[in-house]
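A.B. asks: Everything below, folded, please.
(3 chains)
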Amino acid sequence: MDRPGEGVAVAAADEELTDGALLSAVAGGSPGALEELYRRHAGWLSIRLARRCADPAVVDEVLQDTFVAVWTGAGRYRGAGDAGAWMWGIAIRRLVDAFRRQPPTSYPLEAAADLGALESAEDRVLLGVEHGDLAGALHRLSPELRAVVQATVLDGLTTREAARLLGVPAGTVKTRMMRARRALRKELA
Amino acid sequence: MTTTVEATGLVKAYGRRHALAGLDLAARTGVTGLLGPNGAGKTTLLRILATVLPTDAGHLRLLGHDPHEPTGRRHVRRRLGYLPQDAGFHRGFTAFEAVDYVAVLKEHTRTRARHDEVRRVLDLVGLGDVATTKVRALSGGMRQRLGLAQALLGSPELLVLDEPTVGLDPEQRMRFRDLVSEAGRGRTVILSTHQTEDVAAVCSEVVVVTGGRSVFTGTPAELAQVAAGRVWVDDDKDPRAVAGWRVGAGHYHHVGDPPAGAELVDPTIEDAYLLLLGPRAGAGMGEVA
Amino acid sequence: MTTTPWHLDETLAGRYAGGTLGAVLTASVEQHLTACASCRALLTPHVDAPRLDAVWADVLERVERPRRSLLERGLSRSGVDDATARLVAAAPSLRGAWVTGTTLVLALALVAAYVATNGVGLYLALAPLMPMAGVALAYGPMSDPAHEMVAATPYSPLRLLALRTAFVVATTLAPAALAGLFLPGSPYLAVVWLLPALALTVGTVALSTRVAPHLAAAALAVAWLTVSLRALAPRRDPLLATSSPVLLVCTVVLVAATAFLYARRRDLAELLRRTA
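C.D. replies: Coordinates of the predicted model:
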């Protein structure tokens, strides 16, 4: 391992370093690069996790596991897509693991279900800008179907992982996905 | 500003050979350099100051304690940092673990605080990024810095460094000197070297050691003055000089008793060092740093 | 399919962080975040900073102490604090290679005991050497590359010595004791070799105050083997190593060495530190 080990030089330059470059540095064994990645990503990852897990202690634990996993697995990143998405992939799977070890007492879905109706006209405009018809169609799905779509499509989880995350049996996830797909196709046809 | 190290008449013998033959030393806050050739007794002296070796005779007080006394010794060791020559580490340990090992032995019992301290000293010497690298994968310069890191654990009042810059390339040596100067603020640092530039660069006080005795104590400037009026250049090598060597464009630089009408030049620490070492300095002194 | 670039503003960020942004907008925002670094940065202030710092401290701890060796994990499981575990783990005689080596030697000697004539004699000759060798390797300049630095530390040298010796003896006695149970012949054999083992071990420590530990061990090993290996000659008693005269000598050595160590106990650790 022939590295300059010049900790000072790295610090000055890493304002310019991309996430990809930082991950390479982490793969090479630099805790400083990991710390910079943490400063950039821990905030939003923590919030995104909190939207799926009501217990802040579990969120902290999963956040910790995530960055330790980033440390050991940085070599596997290989520039495939956005670093943030890669890290979220790790984080959500760590959350699923945490739920497997200790199923939570309540799932945030129940709490969020009511708030769907409170979106303002402003939000509806924003939605329209971002996704056009699809947003409206998604909005008109029931909360349970929407949650399944989010877990499998947006978060990229398998049926079994989604089941663990949402606290429902895998069969239920499958049926709900079928119903969601049918409903959306009907809406968008 | 009390004297951190008080030593008078130190004697240490190995069989019939006297490594130290009545050496005196007084050191206070700042960096004190021990300058002397190999075999002069510097390492023996430093091992004694680091409480690793007992003296055979003489008076010694470190940080106000007597290191011959077990309790005194423990008190000193709690406020001491030592970098020996050829500092070794378990090759299978990572840099972090190697320093952590010494930290445990320095009685840093609380794990969290100890780990923070290990990280602090590693960052101080610029090894923060290689904390998880195994010692056997570190370069020589890095291992030397690792040695300095363990010596700095716990911010000791007395830092004893044995030939800390040997084997380092000029850039590494420069960096090391910066670290040592920094460490010397508010602390007593005693280091040994046979390189006069180290002395000129970092020491506020220098002691020239040869034959188990100290033959000069003073500031680097005062040391240079010892050779005042006894350094000259000539076109030919003068065999009567204590030492002479070629410089630049075919002139010869001499140290000793100048002949009448010789072209005198300003003395440097090097010149004074050679003068103090005496006639033996002439032999084999072809190239000097 | 957006016509204008869409980013979060402060209000949206706040509502998302607070969980008051409906499900679909949340999904929208989250999809956007995976690709937009500046919007991600907008969210960081919405998380409690001390909380993030605390998690980072934990990450760093785990990152810098990634693998604890089998030994260290075993030690902490048996209630030893990790500082002590660190000290003990630094002794080479506790490395996996050493333990495997000793076990192998003993296994072979055990096989010899069943297979060879007077094979038991071989076992009785070798078993006592294992703890002694382990102790000799557990301290001193030969075993600890950091011994010079260690010598300048305040940790009680006696405690360090005792710690290492205790662990070494435990790990070398255990396989030997286990193997001893399988020795053919009287069950007394499984135990009697302990006396020579102790004599050799304590004798090594005592001699190490004068000469380097590995030399002390070598000298004693030679002395022991000269006597005990005679048991392998044909028509000799295979249990020579445990015969009364030998055991008597071992007892004398053990008592003398222990008395010596007890008498010099105050300077003991310093003496052992300095043999180089």
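
A.B. asks: residue boundaries of the helices in chain A?
C.D. replies: A:7-13, A:19-27, A:31-50, A:56-73, A:83-101, A:108-113, A:121-131, A:133-140, A:143-149, A:159-166, A:170-188 (DSSP state H).

A.B. asks: Any stretches of the chain with poor pLDDT?
C.D. replies: Picking chain A for this. Residue ranges of chain A with pLDDT under 70: A:1-15, A:108-135, A:188-189.

A.B. asks: You answered for a different chain; I wanted chain C.
C.D. replies: Applying pLDDT under 70 to chain C flags residues C:1-5, C:65-80, C:91-97, C:117, C:139-143, C:266-276.

A.B. asks: how is it carved up into domains?
C.D. replies: Here the domain parsing of chain C from automatic domain parsing is C:10-64, C:71-273.

A.B. asks: so which of these gets nearest A:Met178?
C.D. replies: domain C:10-64 (19.6 Å; Cβ to Cβ). Heads up, the C-betas are built off the backbone N, CA and C, glycines and all.

A.B. asks: can you tell if that closest one touches chain B?
C.D. replies: Yes - using Cβ under 8 Å from any Cβ of the partner chain, domain C:10-64 comes into contact with chain B via C:Leu60, C:Glu61, C:Val63, C:Glu64.

A.B. asks: ok, these vs B:Leu122, which is closest?
C.D. replies: Nearest to B:Leu122 among the residues of domain C:10-64 next to chain B: C:Glu64, at 9.6 Å, using Cβ to Cβ.

A.B. asks: can you tell me the helix or strand for the residue nearest to the closest one when sequence neighbours are not counted?
C.D. replies: Among residues not flanking C:Glu64 along the chain, B:Phe96 sits closest, at 5.1 Å (Cβ to Cβ, 6 or more residues apart in numbering or on different chains). Take DSSP states H and E as the rule and B:Phe96 turns out to sit in helix B:95-105.

A.B. asks: give me the low-pLDDT residue ranges for chain B?
C.D. replies: Residues of chain B meeting the criterion pLDDT under 70: B:1, B:279-289.

A.B. asks: picking up where we left off before, give me the residues contacting the helix holding B:Phe96.
C.D. replies: Around helix B:95-105, the neighbours that count as contacts under Cβ atoms under 8 Å, 6 or more residues apart in numbering or on different chains are B:89-90, B:93, B:114-115, B:117-119, B:121-122, B:127, B:130-135, B:138, B:142, B:146, B:149-150, B:153-154, C:64-65, C:83-84, C:86-87, C:90, C:146, C:149-150, C:153-155, C:160.

A.B. asks: 6 Å - rerun?
C.D. replies: Contacting residues not belonging to helix B:95-105 are listed as B:89, B:114, B:118, B:127, B:130-131, B:133, B:135, B:146, B:149-150, B:153, C:64, C:83, C:86-87, C:90, C:149-150, C:153, C:155 [Cβ atoms under 6 Å, 6 or more residues apart in numbering or on different chains].

A.B. asks: Could you give the number of residues near residue 138?
C.D. replies: Looking at chain A here, since you left the chain open. Summarising burial for A:Leu138: neighbours were counted as other Cβ atoms under 10 Å in any protein chain shown, giving 22.

A.B. asks: right idea, wrong chain: chain B
C.D. replies: 23.

A.B. asks: so which of the residues of domain C:10-64 next to chain B would you say is closest to B:Ala13?
C.D. replies: Proximity of those to B:Ala13 (Cβ to Cβ) peaks at C:Glu64, which lies at 45.9 Å.

A.B. asks: Tell me the spacing between the closest one and B:Arg187.
C.D. replies: For C:Glu64, the distance to B:Arg187 (Cβ to Cβ, to the nearest Å) stands at 27 Å.

A.B. asks: now B:Thr4
C.D. replies: 9 Å.

A.B. asks: which residues in the stretch 51-200 of chain C form strands?
C.D. replies: Using DSSP state E, counting those that start in this stretch, no strands are assigned anywhere in the stretch 51-200 of chain C.

A.B. asks: What spatial separation is found between the closest residue to chain A within it and chain B?
C.D. replies: Nearest to chain A, among the residues of the stretch 51-200 of chain C, is C:Val59, at 4.5 Å (Cβ to the nearest Cβ). Applying Cβ to the nearest Cβ, to the nearest Å, the value for C:Val59 to chain B is 13 Å.

A.B. asks: Could you check how many residues crowd around the closest residue to that residue other than its chain neighbours?
C.D. replies: Closest residue to C:Val59 apart from its sequence neighbours, by Cβ to Cβ, 6+ apart: A:Phe67 at 4.5 Å. Neighbourhood size, A:Phe67 [other Cβ under 10 Å]: 27.

A.B. asks: Correct me if wrong: A:Phe67 contacts C:Glu61.
C.D. replies: No - using Cβ atoms under 6 Å, A:Phe67 is not in contact with C:Glu61, being 11.6 Å away.

A.B. asks: Tell me the spacing between A:Pro31 and A:Tyr77.
C.D. replies: For A:Pro31, the distance to A:Tyr77 - Cβ to Cβ - is 17 Å.

A.B. asks: How many residues are close by the residue in chain C that chain B sits nearest to?
C.D. replies: Going by Cβ to the nearest Cβ, chain B is nearest to C:Pro145 of chain C, at 3.2 Å. When neighbours are counted by other Cβ under 10 Å, C:Pro145 registers 20.

A.B. asks: Likewise for the one 4 residues further on?
C.D. replies: Counted with other Cβ under 10 Å, residues neighbouring C:Met149 total 26.

A.B. asks: now do B:Ala201
C.D. replies: 18.

A.B. asks: give me the element it is part of.
C.D. replies: helix B:196-202.

A.B. asks: And that helix, what does it pack against?
C.D. replies: Secondary-structure packing of helix B:196-202 (3 or more Cβ pairs under 6 Å, 6 or more residues apart in numbering or on different chains; DSSP states H and E): strand B:30-35, helix B:170-183, helix B:269-277.

A.B. asks: out of those, deepest packed?
C.D. replies: The highest mean neighbour count among these, using mean count of other Cβ atoms under 10 Å in any protein chain shown, belongs to strand B:30-35: a mean of 26.

A.B. asks: Could you please name the strands that strand pairs with and the direction of each pair?
C.D. replies: In the sheet, strand B:30-35 lines up against strand B:188-193 (parallel), strand B:205-210 (parallel) (DSSP bridges).

A.B. asks: sorry, back to before: I'd like to know which of the helices of chain A lies nearest to B:Leu46.
C.D. replies: helix A:7-13 (29.1 Å).

A.B. asks: State the distance from B:Gly248 to chain A.
C.D. replies: Counting by Cβ to the nearest Cβ, the gap from B:Gly248 to chain A is 34 Å.

A.B. asks: ok, back up a step: now the residue of chain C closest to chain B. Nearest residue, chain neighbours left out?
C.D. replies: Nearest non-adjacent residue to C:Pro145, counting by Cβ to Cβ, 6+ apart: B:Gly88, 3.2 Å away.

A.B. asks: Could you look up the SS state of the one you found?
C.D. replies: Here B:Gly88 is coil, with the state taken from DSSP: H, G, I helix; E, B strand; the rest coil.

A.B. asks: Measure how buried it is and give me the count.
C.D. replies: Neighbours around B:Gly88, by other Cβ under 10 Å: 17.

A.B. asks: So it is in contact with C:Glu148, correct?
C.D. replies: No - at 7.5 Å, B:Gly88 does not count as touching C:Glu148 under the criterion of Cβ under 6 Å.

A.B. asks: interface residues of chain C facing chain A?
C.D. replies: Residues of chain C lying close to chain A (Cβ under 6 Å from any Cβ of the partner chain) are C:6, C:17, C:22-25, C:27-28, C:33-35, C:40, C:43-44, C:47, C:52, C:55-56, C:58-59, C:62-63.

A.B. asks: Any chance of the helices and strands packed on helix B:196-202 in TSV with distance to C:Ala176 as columns?
C.D. replies: Converted to TSV, the helices and strands packed on helix B:196-202 look like this (distance: least, Cβ to Cβ, whole Å):
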stretch	distance to C:Ala176
strand B:30-35	50
helix B:170-183	49
helix B:269-277	59
